[in-house]
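Enquirer: I would like the atomic coordinates for the input below:
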Amino acid sequence: MPTSTIILDAGHGGNSLGGAYGFRYEKDDNLRLALEVGKYLTEYGYRVEYTRTTDIFLSQIDRVNFANSLRASLLLSFYRMGEELCINEQEVSFEVDSMDSISESIAINIALELRPLGFINYRIVVRTELPILRDSHMPAMTISVGNLKSTYDNYLFDTWFNEIAAGIARGIYSIIPVYS
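Expert: I've put the predicted structure just below:
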């Protein structure tokens, strides 16, 4: 029986910094979190592939083409919110390919896992114009854990980093079978 493959995509990279808060760059938080979530998923028995494991830039088209070539069970892309006004503090935000989908179920489960860690708000938005969601041949979603420009959200992100990664992995594990 084959093992399910999960593709983890650390958003931004290389000269694409994403958001910045002092000397903290979104691309770095995204990569750290993707790699840590991958460790937990591997422990569950999934085959985990990454669109990047170092600080390089890949277009969304390159990322989704790579994922499609592996016929994975899920493509999960990591980000941090970066709004100047921190009206969405303590939030986890998801973008999914469609509602009433595997992606939406995973998003809800991840949000429930992260709630005890202080991320008490969540939102799920359908985005059909993003190549990583629109062009994937598998369930696809983005996750943004906290606002990069919120001192408190960065405190939560850093303090509960391992627990956040474990919660994201549990949210996936509760929906995607390890063996396909």
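
Enquirer: C-alpha only now, for contacts and for neighbours.
Expert: OK.

Enquirer: what separates Ile132 from Ser150, distance-wise?
Expert: 27 Å (CA to CA, to the nearest Å).

Enquirer: With neighbour numbers in mind, choose between those two.
Expert: A count of neighbours by other CA atoms under 10 Å puts Ile132 above the other of Ile132 and Ser150, at 27 against 21.

Enquirer: my read: that one touches Asp62, true?
Expert: No - if you go by CA atoms under 8 Å, Ile132 and Asp62 don't touch, sitting 9.2 Å apart.

Enquirer: pLDDT at Gln72, what is it?
Expert: Heads up, residue 72 is Ala, not Gln. Here, the pLDDT recorded for Ala72 equals 95.

Enquirer: And for it, nearest residue in space, chain neighbours not counted?
Expert: Ranked by CA to CA, 6 or more residues apart in numbering and with sequence neighbours excluded, the top spatial neighbour of Ala72 is Thr5, at 4.7 Å.

Enquirer: pLDDT at the residue most central in space within the chain, what is it?
Expert: With distances taken as CA atoms, centre = their mean, Phe78 lies nearest the centre of the chain, 3.2 Å away. Model confidence at Phe78, expressed as pLDDT, equals 98.

Enquirer: packing partners for whichever strand or helix holds it?
Expert: Element membership for Phe78, per DSSP states H and E: strand 74-81. Packed against strand 74-81 by the contact rule (3 or more CA pairs under 8 Å, 6 or more residues apart in numbering; DSSP states H and E) you find strand 5-10, helix 26-44, strand 140-147.

Enquirer: Now the second one - C-alpha only, PDB.
Expert: What follows is helix 26-44 as a C-alpha-only set of coordinates in PDB (Å, rounded to 0.1, in the frame of the first residue of the first chain):
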ATOM      1  CA  GLU A  26       8.400  36.100   6.600                       C
ATOM      2  CA  LYS A  27      10.400  33.900   4.200                       C
ATOM      3  CA  ASP A  28      12.500  32.600   7.100                       C
ATOM      4  CA  ASP A  29       9.500  31.900   9.400                       C
ATOM      5  CA  ASN A  30       7.700  30.100   6.500                       C
ATOM      6  CA  LEU A  31      10.700  27.900   5.900                       C
ATOM      7  CA  ARG A  32      11.300  27.100   9.500                       C
ATOM      8  CA  LEU A  33       7.700  26.100  10.000                       C
ATOM      9  CA  ALA A  34       7.400  24.000   6.900                       C
ATOM     10  CA  LEU A  35      10.500  22.000   7.800                       C
ATOM     11  CA  GLU A  36       9.200  21.500  11.400                       C
ATOM     12  CA  VAL A  37       5.800  20.400  10.300                       C
ATOM     13  CA  GLY A  38       7.500  18.000   7.900                       C
ATOM     14  CA  LYS A  39       9.300  16.300  10.800                       C
ATOM     15  CA  TYR A  40       6.000  15.600  12.500                       C
ATOM     16  CA  LEU A  41       4.300  14.300   9.300                       C
ATOM     17  CA  THR A  42       7.300  12.000   8.700                       C
ATOM     18  CA  GLU A  43       6.800  10.600  12.200                       C
ATOM     19  CA  TYR A  44       3.200   9.800  11.300                       C
END
